[in-house]
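**Q** quick one: sequence plus predicted model below, questions after.
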Amino acid sequence: MSISRREFLESAAAASALAALSGLPRPVQAAGGEKWVKSVCRYCGTGCGLYIGVRDGKVFAVKGDKDNHNQGFLCLKGFLLPQILTAPTRCLYPMIRKDGKLVRASWEEAMSLVASKFKEAIEKYGPDAVAFYGSGQGLTEETYVANKLFKAGIRTNNVDGNPRLCMASAVGGYVTTFGKDEPMGCYEDIDHADVFLLVGTNTAEAHPILFQRIVRRKEKAPGTKVIVMDPRRTPTARIADLHISFKPGTDLAILNAMAYVLVHEGYVDEEFIKNHVVFGEGTETNKSFEDYKAFLAKYTPEKAAAIAGCKAEDIVTAARWFGARGKASMSMWTMGLNQRTEGVWANNLVHNLHLITGKIGTPGSTPFSLTGQPNACGGVRDGGALSHLLPYGRLIANEAHRKEMEKLWGVPEGTLKPKPGPSTVEMFQKVEAGEIKCLYIMCTNPGQSLPNVGRYRKALQRDDVFVVVAEAFHPTRTSELADVVLPAAAWAEKEGVYGCAERRYQLLEQAIPPSGEARPDFEILCDLGRRLGLGHLVPYKTPTDIWNEILTVCKGTVYDFTGMTRERLRQAHGLLWPLPTPDHPGTNRRYVKGEDPFVPADWPHRIKFYGRPDGRAVVWMRPFKGPEEAPDAEYPMYYTTGRVIEHWHTGTMTRTCKELVHANAEAVAELHPADAQKLGVKTGDKVKITSRRGSQVFKVKVTDTSRENLVFVHMHDDQHLCNLITIDALDPISKQPEFKVCGVKVEKA
Amino acid sequence: MNKPRRWTPLRRSVQLAVALLYLVLPFLNRWGLRGFMGNLASLKVGPVDLLEPAVALSVVLAAGKITASLVLALLPVVALAVVLGPVFCSWVCPWGLLSEGLDYLKIRTLHLHRTWTADGYRKLRPLRMAALLVFLLASSVVASPLVALLAPPRLVTALPQELFYLSVRPVVTGSVLLLWLLAELFLPRRWVCRALCPVGALWNFLRLPWTLQVRFEPTLCVDPKVAPCHLHCPWGIDPRSMGRFDGCTNCLRCVEGCPSTALRAGFGKPMDPPVRTKKVST
Amino acid sequence: MKASRRGLFPALCGRVPLRPPGARPEPEFAALCIRCNRCITACPYKTLKPASWIYGERAGTPLVVPRKIPCYLCMACPPVCPTGALDPITDKRAVRMGLAVVDPESCFAHQGILCRTCVDECPLEGEAIYQDGELKPVVTEKCVGCGVCEKVCPVAEPAIVVRPRGDQ
Amino acid sequence: MVIAGVLITTKPGQAPFVAASLGASPHVQLVGGDGSERLAAVVSRESGEALEAWAEELLRDDERILGVYPTFVGHDPE
């Protein structure tokens, strides 16, 4: 037996090696007339550097940038980017809805229509009758122009963007705990971490290149522990040393229970707490460590396990690994924590783990929020293009901040309205209520991506609402509802800055001219500004003009990246702010003395959380609270959504790529074998998933990736809208919707 | 004198039922009914596996080995053959039905002689044996069960399966069937069943001395000279003088056609020519 | 089973098809298969198809074309085989239909493109294909040859193909 | 016992010489090559770690060798 097995193995090994012999690919030969333009991947928030290969005015390939953080690696989506530029769904000329149909129009015709509609609405109903809905995919310059045009020009705070759907809770978490937004750590911490706590993140599919870095760390340092907390046994969980599957929406209990174990088993860093931490409840920071201990008494691992439907000993193990002295622990999370009605609280609780153990601000120890879009951090969060923000950490509600911005923007005092505008979902509710008459949507697809999307699709279809969509692709599930579609230049067709998850800003250079009649978004916005008589506010000719103004706006804030001149961005392969002077190398770890330029050299401790007035971070006592809509008798199953590696967001780009569509054709409902048996369905059958808001039919994939009583659907399919089912309940602090948990019933269709 | 029982309506009903079953089976399978599966090479009825013996023998020779599951599935069918004789050909096989129909059409359209040449069946015996041997030998040589691949019973029942359930283009099944059809049309009457089909040949050899058979009682024969019995036989066999392995499939047409009661179906009496008649217990 | 008896046609037409799970090694499988179509009927995914003329005397035997429909290892077919051509196994890990072989010439991962579709979709979840230190897919002996990787490979001409066991 | 199929890449034209030096090793069985810069081999070692160590050693000690890529890894309990 052993002999034949040996023979089998040898013949298999030989067959495999011989197949490989046929040849490894040679590097692309640089033929005449080819150039490689430095840029950044269009997709997720990882922000991988790449070069765009151009031949005869056409993009023919991309290759990874070896000098950037991704070390030359790209995921297959990024590698296949050239295809999106020539997709048959590219939007190449302006379109106007006439007699219910979108027909081709000239730029002049389309823009004068948009301007007249905006003017009319502003004159008739006031500036709050118009709104701008932006995107974490717009370039920093574009988002800045829109923000300025609407807030300072039109004078409405009806400016929000899709980062509200993905990052708002992370922002809320960072701001409440540390006083300022954006992570303190960086990607490099992955190479030093001994313990990874991945909670509510399917890094393997959503951030492949970062996942790869985790895998490499694990290979290099075999003692490395990976803890994955996710209801599903995702591809990420497959590398986990400990996977905790729990009922969706019970993460707060588990995180508190981990803190309980850390406190009661002596993993607490008293010295760190004494110097850097205060304790708080609600909005007050007047509590003590003793109060915190008393608060945690409710969250023994056993109690938490009972709430969460997991094993108590797993929680204990996770806490012990995380807290182990001398080990560097890094936590990462994405939408599993953020897209919740307690998203900010959940973020706070992750920060708590780092603060009570002092595992923060040293190489490999940091709480690190991963972002979903390439410029959610740089453009919308940092640029302040949300309804309650002004650029670079300033708040609309803060009079001093408003005054400062009015001065910087050269507008009269009192121009900026003091009342924050509606958040994304509230904005679309105002559209639904008829309060917003004109809506400008740039570079995003709310007609597919909003929660409870059926409701807001109806709102967008109101006769008295004028919807302008500036987009590089048409039709999308939003542009099909538009009154005017403006063709925007796509990635590689325009220049600008992206800022990714680790405060890394990088320049995307223009590689080719825009397709068809498309124009860069900032040009369209400046055109609109001029037509509204606001040309003096948006006089820009090039993105560099805008960038130079942005440098003056960020100066003096804790975001200060004044040293990132256009020229330096052109040379560099990504720069991390704060970077206040042209000779500053950038800051890998914020708040750390010696690294962060804003921590005084004579500060007595190694860290200063200068975002808060007392320089201390807050450990918040956040009690367990379940999701808005847990399953009940009528809608007995959990429903959750997420990503797959092949596609991105609403699929307007990836679904034009035949390889990606081949690898993953459509959204399927992933069911646990036990549930499938109960329903009498097998892979390939169809089920109808119904919530209180809507229903949709999906093909079934039976897989033990799923958890019992949980159905998962990926969110990228424009033909099977997972969001007809999701709930539009909001986190009261961040106003981020709870995409990740709702109750559904599943029937065989 | 009691009138002999009419067997043909019953036989036709069974044949039609089987043919119909194989036409609807693909649809039943598609609707999730899996109690009946397979074709006439092998059938699964509930938990019971059934194997056609000639196909099975061909498999054994091709593979050079016998598996337990094969023997298990073979047993019920062989038992049937041993008890009732080669009823597979006359009562079950849809190709048999088709062949009978084609033969009838040939007679009607080509005005062939309705009657069979005397002793023709005896001449076909070596051919039938040769065909079976060739099939089995070839199976062994090419290491593939050719009976399974080529025999009409499987082909004719696999065709609707492939057409209606598997939605594949039945190129192989269809073209081999077409060849058999041409053979049926251009070769002498019913040669496919009588001489070429290895399935029928093997069933024929599974007869034991006590297997169900048509017995002839010469004393009751009304008039041997004008006897119509052998003219009724769809294979042209004279039941009065046939041997055990002469190919009778127990269709019982001769019994119906006998004006007297000289022909009767029954167990026990040897089928050897009357010359060798000996005392046997009944 | 004598190794010399390989049949006539495979020598002429070359490749051996990919067989259903539990299939005996190739010449023996073709000899034992009775072409009853039961495994093909039993397959809920319409994975199995009867072989065509190009397989010579093996026509009518069941085969898998993974690029069209791979085997999802539901193990419905082995128990229905009447002749033992398919061993009645029920453990999908015991299946040995073939072996996936990666073509580095076209595989994205070999070009520094992070593609993990084959690894992610593998029903054996990391046991049959894993990523090595350079994140290139490596097939292990646990590979059952179901062909899911060949089906999902995003490269137009799949960079990972299952070589039937009988072909080795 | 670990049995692996590996692809070894060498500097152009060096493959035959590398093959000659590898051929002497009892646990390496060469199964093919392109005659210039690529070799296919079946390697058997006691464990996965030993296999990795072997590959690293090759890369370190033989400057003609540019890469060692496993294509298949099988475990023989024997």
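**A** Right, received. Where do you want to start? Numbers count the residues shown, from 1 in each chain, chains lettered A, B, ... in the order given.

**Q** the closest residue to B:Asn39 other than its chain neighbours: what's it in contact with?
**A** The shortest distance from B:Asn39 to any non-neighbouring residue, by C-beta to C-beta, 6 or more residues apart in numbering or on different chains, is to B:Thr157 (3.8 Å). In short, each C-beta sits where N, CA and C put it, glycine included. When contacts are counted by C-beta atoms under 8 Å, 6 or more residues apart in numbering or on different chains, B:Thr157 is found next to B:Tyr22, B:Asn39, B:Leu40, B:Pro94.

**Q** A:Val661 is in contact with A:Arg655, correct?
**A** Yes: contact criterion C-beta atoms under 8 Å: A:Arg655 and A:Val661 qualify, at 6.0 Å.

**Q** which residues does D:Leu22 contact?
**A** Here D:Leu22 is in contact with D:Ile8, D:Val28, D:Leu30, D:Leu39, D:Ala41 (criterion: C-beta under 8 Å, 6+ apart).

**Q** and the fourth one, what are its bridge partners?
**A** The residues paired with D:Leu39 through beta bridges, assigned by DSSP bridges, are D:Ile8, D:Gly33.

**Q** surely it and D:Leu30 touch.
**A** Yes: judged on C-beta under 8 Å, D:Leu39 makes contact with D:Leu30 at a distance of 6.2 Å.

**Q** give me the common contacts of those two.
**A** With C-beta under 8 Å, 6+ apart, D:Leu39 and D:Leu30 have common neighbours D:Ala19, D:Leu22.

**Q** picking up where we left off before, compare A:Arg655 and A:Val661 (neighbour count), which wins?
**A** Legend: neighbour count by other C-beta atoms under 10 Å in any protein chain shown for A:Arg655 and A:Val661, higher for A:Arg655 (24 against 16).

**Q** the residue in the stretch 1-150 of chain B that chain D sits nearest to: which element?
**A** Using C-beta to the nearest C-beta, the closest approach of the stretch 1-150 of chain B to chain D is made by B:Lys65 at 28.1 Å. Under the criterion DSSP states H and E, no helix or strand holds B:Lys65.

**Q** and for it, the neighbour number?
**A** When neighbours are counted by other C-beta under 10 Å, B:Lys65 registers 14.

**Q** ok, now B:Trp235?
**A** 25.

**Q** try the one 10 residues further on
**A** Counted with other C-beta under 10 Å, the burial measure for B:Phe245 works out to 16 neighbours.

**Q** was I right to think it contacts B:Leu124?
**A** No: counting by C-beta under 8 Å, B:Phe245 stays clear of B:Leu124, with 11.4 Å between them.

**Q** am I right that C:Tyr130 falls within a strand?
**A** Yes: counting by DSSP: H, G, I helix; E, B strand; the rest coil, one finds C:Tyr130 located in a strand.

**Q** contacting residues for it?
**A** Contacts of C:Tyr130 (C-beta under 8 Å, 6+ apart): C:Val119, C:Pro137, C:Val138, C:Thr140.

**Q** beta partners for it?
**A** Under the criterion used (DSSP bridges), C:Tyr130 bridges to C:Val138.

**Q** just to be sure, A:Ala669 is in a strand?
**A** Yes: the assignment for A:Ala669 by three-state DSSP puts it in a strand.

**Q** I'd say A:Ala318 and A:Leu242 touch.
**A** Yes: between A:Ala318 and A:Leu242 there is a contact at 5.9 Å, judged by C-beta under 8 Å.

**Q** who has more neighbours out of these two?
**A** Neighbour totals were compared for A:Ala318 and A:Leu242, and A:Ala318 leads with 28 against 16 (other C-beta under 10 Å).

**Q** so is the more buried one in a helix, a strand, or just coil?
**A** helix.

**Q** tell me who's in contact with it.
**A** A:Leu197, A:Ile227, A:Met229, A:Leu242, A:Ile244, A:Met258 are the contacts of A:Ala318 under C-beta under 8 Å, 6+ apart.

**Q** what is the neighbour count of the third one?
**A** Put plainly, it is A:Met229. Neighbour count of A:Met229, defined by other C-beta under 10 Å: 29.

**Q** circling back: look up how far B:Ser144 lies from the residue of the stretch 1-150 of chain B closest to chain D.
**A** 14 Å (C-beta to C-beta, to the nearest Å).

**Q** phi first, then psi, for the residue of the stretch 1-150 of chain B closest to chain D.
**A** Backbone geometry at B:Lys65, expressed as degrees, to the nearest 10, gives phi -160, psi 160.

**Q** where does the stretch 151-282 of chain B get nearest to chain A, residue-wise?
**A** Closest point on the stretch 151-282 of chain B to chain A, by C-beta to the nearest C-beta, is B:Ser167, at 15.2 Å.

**Q** now that residue: which helix or strand?
**A** Per DSSP H and E, there is no helix or strand for B:Ser167.

**Q** and residue 44, how many neighbours?
**A** By default, I'm working from chain A. Neighbours of A:Cys44 (other C-beta under 10 Å): 28.

**Q** that answer is for a different chain, and I need it for chain C
**A** C:Pro44 has 14 nearby residues by other C-beta under 10 Å.

**Q** settle it for me: which of D:Leu39 and D:Leu30 has more neighbours?
**A** D:Leu39 (27 against 20).

**Q** now for the more buried one: which residues touch it?
**A** Contacts for D:Leu39 were tallied using C-beta under 8 Å, 6+ apart; they are A:Leu21, D:Leu7, D:Ile8, D:Thr9, D:Thr10, D:Ala15, D:Val18, D:Ala19, D:Leu22, D:Leu30, D:Gly32, D:Gly33.
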